[in-house]
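Asks: Using only what follows, build the 3D model:
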Amino acid sequence: MKKALFIYVILLAFTFNVKAQRYSINKDKFDSHQYIPEYDDPYNPGLSGVCSFFVPGLGQMLCGETGRGLAFLGGYAGCAVLFEAGAVQFTSNNFGNIENPGYSGSSGVGVMLLGLGGMAAIEIWSIFDAVKVAKVNNMYIRSFRKTSSLKLEMSPYVDHLSITNQVSNPIGMTMRVKF
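Replies: Numbering: from 1, shown residues only. This is a model prediction of the structure:
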């Protein structure tokens, strides 16, 4: 089951490669604390955080930052391997010691705690980072849309003209085009 989930996450990461931006560049230009959600935002920060809660790095992958998401996933997997190695060492020392059955050594407990602490730290960091990546990438896309679009403004025109004691009321439309 874990292998299938891992393979699914990797395939999902490569399918969500949006023509995107680079978070490492955009994080200096945009402050995620100034983010205000809008209707047409392509990335949902809440959904990214929840996805990273279940699979560390998945929220980053959904936001187009595949390498960043795989780094979180790899760090989490490395800490899980470290935890497993400590658990194997602990159980073999405490339950597999045939010569001295009363021996209760604590060998492996430190490695287990180190792996468990690393897993927890990467999990929490991944959640907060996924939310921040989604916000910054949304702000970048908004900025990109504003700078690279054609803006057309139309408004009604009504005026009162008086020429040689003749009054006329011209009515029309004004149009302003911004590139």
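Asks: List the buried residues in the one helix or strand S126 maps to.
Replies: According to DSSP states H and E, S126 maps onto helix 109-147. Across helix 109-147, burial judged by 16 or more other CB atoms under 10 Å covers 111-112, 115-116, 118-119, 122-123, 126-127, 129-142. To be clear about C-beta, it is placed using only N, CA and C from the backbone, and glycine gets the same treatment.
Asks: just checking, next helix/strand downstream of that helix?
Replies: Moving toward the C-terminus from helix 109-147, the next helix or strand (DSSP H and E) is strand 151-158.
Asks: Counting by contacts, list what that next one packs against.
Replies: strand 171-178 (3 or more CB pairs under 8 Å, 6 or more residues apart in numbering; DSSP states H and E).
Asks: ok, and the closest non-adjacent residue to the residue nearest the centre of the chain?
Replies: Closest residue to the average C-alpha location of the chain: A130 at 3.1 Å, with CA atoms, centre = their mean. Closest residue to A130 apart from its sequence neighbours, by CB to CB, 6 or more residues apart in numbering: G59 at 2.8 Å.
Asks: Dihedrals phi and psi, the one you found?
Replies: phi -60, psi -40 (degrees, to the nearest 10).
Asks: repeat for G57
Replies: Dihedral angles of G57 (phi, psi; degrees, to the nearest 10) stand at phi 100, psi -20.
Asks: burial count for it?
Replies: A total of 28 residues lie near G57 under the criterion other CB atoms under 10 Å.
Asks: same thing with F90?
Replies: So F90, with other CB under 10 Å, has 18 neighbours.
Asks: On the pLDDT front, check it for me.
Replies: pLDDT for F90: 82.
Asks: host element of it?
Replies: Going by DSSP H and E, F90 is in helix 66-95.
Asks: Right, I'll leave it there.
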